[in-house]
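Undergrad: structure of the sequence below:
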Amino acid sequence: MTYEDIIALLGYAGGHEQPVRITTSDRTEVVGIPMSVDTDVTANEVYLRPAGSADTEIAVSLGAIEAVELV
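TA: Next up, the predicted model:
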């Protein structure tokens, strides 16, 4: 996927509270609902809320993401 496609899908999913599965370059998979996408050079991360955990957020570097899919 291109960087632009990743950003677009994460933005769509976050706006509709849809969970996504992110696959990183080291083949790690993370599932959650995107809470925010920060494309600023100093951050360049997406923040996800894992299913069933309202108080937890996981940050994933946008540069490490190879694929995103709705689940």
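
Undergrad: from now on I want contacts and neighbour counts done on CA atoms only, so please keep to that.
TA: Fine.

Undergrad: could you report the separation of Ala51 from Val60?
TA: Going from Ala51 to Val60 by Cα to Cα, to the nearest Å gives 16 Å.

Undergrad: who's more crowded, those two?
TA: Using other Cα atoms under 10 Å, the more surrounded residue of Ala51 and Val60 is Val60, with 17 against 11.

Undergrad: what residues does whichever helix or strand that one is part of touch?
TA: Using DSSP states H and E, Val60 sits within strand 58-61. The list of residues contacting strand 58-61 from outside it, by Cα atoms under 8 Å, 6 or more residues apart in numbering, reads Ala43, Asn44, Glu45, Val46, Tyr47, Leu48, Arg49, Pro50.

Undergrad: all helices of the protein, in order?
TA: For the chain, the helices defined by DSSP state H occupy 3-15.

Undergrad: buried stuff in the strand holding Val60?
TA: Across strand 58-61, burial judged by 16 or more other Cα atoms under 10 Å covers Ile58, Ala59, Val60.

Undergrad: all strands of this structure, in order?
TA: 20-24, 29-38, 45-49, 58-61, 65-70 (DSSP state E).

Undergrad: in TSV, list the buried residues of strand 58-61 along with distance to Gly32 and pLDDT.
TA: Rendered in TSV, the data for the buried residues of strand 58-61 read as follows (distance: Cα to Cα, whole Å; pLDDT from 0 to 100):
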residue	distance to Gly32	pLDDT
Ile58	9	94
Ala59	11	96
Val60	11	97
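
Undergrad: how about those in TSV, adding distance to Ile33?
TA: Listed next are these as TSV, based on distance: Cα to Cα, whole Å:
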residue	distance to Ile33
Ile58	10
Ala59	12
Val60	12
